[in-house]
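**Student:** From the sequence below, what's the structure:
(one chain, ligands or ions: 1)
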Amino acid sequence: MELAKLNSIPKTSSLLFQLAGIVTVAIYVLYRISIEDYVLAGFFAVSMLPLALSMYLEWHNKANLAQKKLTLILICIAISYSCFTLGYKGLIYLFPTIFVIYFLFSLKEAAVLSLIYSVISLLLALNIEETFVVTRFSLAVVDCLIFGAIFSHVITKQKLALLYFANTDELTGVSNRKRLMGSLTHALQHHISKGIQSTILLLDLDHFKQVNDKYGHLTGDKVLRQVAQIIKSVAPNQAEVIRYGGEEFLIILTGLDTTEAADIAQQLIHNIAAMQLVEIEEPITCSIGINSLPAASIDHWLAECDKALYKAKLAGRNRAIIATQC
Ligand SMILES: Nc1nc2c(ncn2[C@@H]2O[C@H](COP(=O)(O)OP(=O)(O)OP(=O)(O)O)[C@@H](O)[C@H]2O)c(=O)[nH]1
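**Tutor:** All right, here's what the predicted structure looks like:
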């Protein structure tokens, strides 16, 4: 499937979901008006407005999760009220709404919210229903709560697994280039809006072709994995490590200035040179370009860092060079 089509799946599904909700609520409102139950019709008509707004925002790529959650809570309140006046005819709407709650809220939030919503609705239904009717509904609602929780848990795990595989470099386990623009944009925006400093390091292994040629590609792969481990162990927790190219890594150091980043670069050069691999006789060295914000654009930030790396290579490799000192 084309990438554009894949990217549009969440938006299309969400729009369809909300359209189904609006059509259902609209039919229900018309039905209540036809039997002159204007209170319930009004209740549901009001809850339809934020749903329509939510669809409008989604359509214009301004989807707002908080607003969607609020809409759902309004619909749930309307359904709870309908349980009070209609009994089991209102209770049947608990089932679809519990599933929607699990779609919009986190597992814990959804579990608490749907439990409170179900208990209140069932108690309100006692207003006009026999206890045994509400008890039978309660059993079905408990089933729905359990299945909703299991469903949400499985979907969340699958989503996390998909995100992990989509964003992770298979060989080294660090992020792949898909995260590059998002992470750099985030750092640049934080610098502009909050003045938070960020520095990037572009690390390239020296004469890596010779390692491959002399020891074979599999040993080369082993070196890349080990280097990635070293970078992860040296870089601070909040740093993002991205495999930028074959034997090139980009490290985004959020909150660190040039001096702090230069210390990390020296530590990396030292630790990579000290790396021990039984297959390899000579030390592996690397060259690093360093560039801190501000930058006119992401491209500019990267290009200046690349120039610094190139200078480090030209100057004899196995060193770090700061972009502003080129
Ligand atoms: N083993 C292995 N090698 C890779 C991988 N990706 C890229 N390479 C190799 O990395 C080497 C990069 O070589 P060059 O771009 O010439 O750079 P270099 O030999 O490191 O020389 P300098 O960067 O100038 O110091 C090539 O031999 C690629 O085949 C990979 O995933 N595994």
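**Student:** Please identify the helix or strand for the residue most central in space within the chain.
**Tutor:** Nearest to the centroid of the C-alpha atoms of the chain, with distances taken as Cα atoms, centre = their mean, sits residue 163, at 7.6 Å. Using DSSP states H and E, residue 163 falls within helix 131-167.
**Student:** Buried by neighbour count: which residues of that helix qualify?
**Tutor:** Of the residues in helix 131-167, those with enough neighbours to count as buried (16 or more other Cβ atoms under 10 Å) are 134, 137, 141, 144, 145, 148, 149, 152. C-betas here are computed from N, CA, C, even on glycine.
**Student:** ok, now stretch 249-268?
**Tutor:** Residues of stretch 249-268 classed as buried by neighbour count (16+ other Cβ under 10 Å): 249-254, 256, 258, 261-262, 264-265, 268.
**Student:** Nearest to the ligand, out of those residues: which one, please.
**Tutor:** Proximity of these to the ligand was ranked by Cβ to the nearest ligand atom; the top entry is residue 249 with 11.6 Å.
**Student:** Is that closest one located within a helix, as I assumed?
**Tutor:** No: when the secondary structure is assigned by DSSP: H, G, I helix; E, B strand; the rest coil, residue 249 falls in strand instead of a helix.
**Student:** residue in the stretch 51-200 of the chain nearest to the ligand?
**Tutor:** residue 171 (5.5 Å).
**Student:** right, and that residue touches residue 226 too?
**Tutor:** No: here residue 171 lies out of contact with residue 226, judged by Cβ atoms under 8 Å, at a distance of 11.3 Å.
**Student:** Now do the helix or strand of the chain with the lowest mean pLDDT: which elements does it pack against?
**Tutor:** Of all helical and strand segments in the chain, the minimum by mean pLDDT, DSSP states H and E falls on helix 3-34, at a mean of 83. Applying 3 or more Cβ pairs under 8 Å, 6 or more residues apart in numbering; DSSP states H and E, we find helix 3-34 packed against helix 38-59, helix 94-104.
**Student:** picking that back up, where does the helix holding residue 163 sit relative to the chain's centre, distance-wise?
**Tutor:** 21 Å (Cα atoms, centre = their mean, to the nearest Å).
**Student:** just stretch 101-119 next, same as before
**Tutor:** The chain centroid and the centroid of stretch 101-119 are separated by 21 Å under Cα atoms, centre = their mean.
**Student:** Averaged pLDDT, that stretch. What do you get?
**Tutor:** Taken as a whole, stretch 101-119 has a mean pLDDT of 94.
**Student:** Show me the contact partners of that stretch.
**Tutor:** Counting by Cβ atoms under 8 Å, 6 or more residues apart in numbering, the neighbours of stretch 101-119 from elsewhere in the structure are 17, 65, 68-69, 72-73, 76, 80, 94, 97-98, 138, 141, 145, 148-149, 151-153, 156.
**Student:** follow-up on the earlier one: report the angle between the axes of the least confident helix or strand of the chain and helix 38-59?
**Tutor:** Computed with axes from the mean of the first three to the mean of the last three Cα atoms, to 10 degrees, the direction of helix 3-34 lies at 170 degrees from that of helix 38-59.
**Student:** Mind checking which of the buried residues of stretch 249-268 land in strands?
**Tutor:** Those of the buried residues of stretch 249-268 mapping onto strands are 249, 250, 251, 252, 253, 254, per DSSP state E.
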